[in-house]
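Undergrad: heads up, no residue letters with this:
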């Protein structure tokens, strides 16, 4: 995958740097660029009128952003992209990307492969959200964070990214109160342990059994 992405850095574009909390783009903005994340972490979120937030993914190095409006007539971004840490992205204007894809079929095939993997990730997330309710969404989110940022320790898998309950609720499309109740149950069952803002998963197999995990591999089952 890395070799496929490196080819796109040969297309004329520009590097943008972002500070934590800075928007790369907002929902409804005119879509002008296709982005590749070079460094850092970027939240992809959707805001509801009620004030609820749905965090769709945490884009990291090699992730694509802004791909959905690529061939639309009047393209707009349908999500928000917000830097979670100091970040750097490579921005290619849509017309420039169109031109290179038309001239180089191999480049177009590589982009289809990248987008195909990206879509499989999203479909697997929606599967867990829809089929297994609040618990499934939360368990799935924990597994994905463990796959992306988990460190094996003596008593389980430690998720190395600090997470608040509200942030986890946003990723799971649940209310914070529901997440708190489910976390209390998991702690009583010794499935997880909270260490400050870090989460230790003591029994990841329990979480996998509950959502009938298909073991699709870290390339697909991650939070990115």
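TA: Right, received. Where do you want to start? As the structure is a computational prediction, the values presented were derived from the model and not from experiment.
Undergrad: list the contacts for the most centrally placed residue in the chain?
TA: Nearest to the geometric centre of the chain sits residue 57, at 2.1 Å (CA atoms, centre = their mean). Applying CB atoms under 8 Å, 6 or more residues apart in numbering to residue 57 gives the contacts 44, 63, 121-122, 125, 223-224. Bear in mind the C-beta positions are built from the backbone N, C-alpha and C, glycine included.
Undergrad: tell me the pLDDT at the spatially closest residue to residue 23 that is not a sequence neighbour?
TA: Leaving aside its sequence neighbours, residue 23 sits nearest to residue 82 (CB to CB, 6 or more residues apart in numbering; 5.5 Å). Note for residue 82: predicted pLDDT of 95.
Undergrad: Please report how far residue 82 lies from residue 212.
TA: Per CB to CB, to the nearest Å, residue 82 is found 33 Å from residue 212.
Undergrad: Neighbour count: the two, which is higher?
TA: residue 82 (20 against 11; other CB atoms under 10 Å).
Undergrad: thought the more buried one was touching residue 46?
TA: No. Here residue 82 does not reach residue 46: they are 11.6 Å apart, not a contact under CB atoms under 8 Å.
Undergrad: For the residue lying closest to residue 8 once chain neighbours are set aside, name its beta-bridge partners.
TA: With CB to CB, 6+ apart as the criterion, residue 8 has its nearest non-adjacent residue at 6.1 Å, and that residue is residue 36. Here residue 36 sits in beta bridges with residue 64, residue 90, going by DSSP bridges.
Undergrad: how close does residue 36 get to residue 158?
TA: To residue 158, residue 36 is 29 Å away according to CB to CB.
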